[in-house]
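Chemist: requesting a structural model of the entry that follows:
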Amino acid sequence: MITLKSRQEIDLMRRAGKITAAARALAGKMVTPGVTTHEIDQAVYHFIKSQGATPSFLHYQGYPASVCISVNDEIIHGIPGKRVLHEGDIVSIDVGAYKDGFHGDCAATFPCGKISPEAQRLIDVTRQSFFEGLKFAREGYRVPDLSLAIQKYVEENGFSVVREYVGHGVGRQMHEAPEVPNYVAGHERPRFLRGMTVAVEPMVNAGGAGIKVMPDGWTVKTADGKWSAHYENTILITDGDPEILTDPEI
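Modeler: So this is what the prediction gives:
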């Protein structure tokens, strides 16, 4: 069931969103050659706790870390560890924070040092596809209108949209109704209503849309080994333009 948030609940979501966005920014600044993904995870954990919040992902369905850190051909759910980042990598940071009963959720892909023009284009198209979809995140439109805008922009730029993982409602639970796919298929067609809060998160592959899940049960890679990028914000449907509850400039 889709839950519409009250004014008080929206204020609480703004607070959670602000912390989440700041955690994403912190992690992004740490994406430099020689840093381990574990070091990024620990820094984000301590930051979120310092804000009186809790990392949404830590222990969620058994996930062992505070941040999902996915490198190069990893699409999502990469587990932080001993991996050292290298010049030319692209690093997707997905983070959530839980504060006063509500979650924020956001992600972005960051360059590690100097990256190739092709990798930068993948990052740029992925980010812009979010904003193409955002044009339809308003009353009077339905979720598939947003989904089509993302899919069309990605595919016109020669990339592929991941099918198996989608955006979602967010609020008291990290994953709520409705699902927000990044492509159009036989999904339900819920209408955007004032007070809805959803996480819109294109996951874009440089090659085909196929995926494979690693033996750890979490890390998802591209099936063809080509690179992938991710961009996400939590947004609020209003009576006018949508409000991004996580910083849109990151």
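Chemist: give me the next element, helix or strand, following the lengthiest helix in the chain.
Modeler: Counting residues, the longest helix found in the chain (DSSP state H) is helix 7-30. Toward the C-terminal end, the helix or strand that comes next after helix 7-30 (DSSP states H and E) is helix 37-50.
Chemist: and the contacts of the helix or strand that comes right after that next one?
Modeler: Toward the C-terminus, helix 37-50 is succeeded by strand 54-55 as the next helix or strand (DSSP H and E). Strand 54-55 is contacted by residues 44-45, 48-49, 66-67, 95-99 when judged by C-beta atoms under 8 Å, 6 or more residues apart in numbering. The way it works is simple: take the backbone N, C-alpha and C, and place the C-beta from them, glycine included.
Chemist: direction included, what does strand 54-55 pair up with?
Modeler: strand 90-99 (antiparallel) (DSSP bridges).
Chemist: tilt between the strand it pairs with and helix 37-50?
Modeler: Here strand 90-99 runs at an angle of 20 degrees relative to helix 37-50 (axes from the mean of the first three to the mean of the last three C-alpha atoms, to 10 degrees).
Chemist: can you pull the contacts of the closest residue to residue 143 other than its chain neighbours?
Modeler: Nearest non-adjacent residue to residue 143, counting by C-beta to C-beta, 6 or more residues apart in numbering: residue 190, 5.3 Å away. Counting by C-beta under 8 Å, 6+ apart, residue 190 touches 2, 142-143, 177-178.
Chemist: hmm, residue 243 is touching residue 236, no?
Modeler: Yes - Residue 243 lies in contact with residue 236 (C-beta atoms under 8 Å); the separation is 4.3 Å.
Chemist: all set now, cheers.
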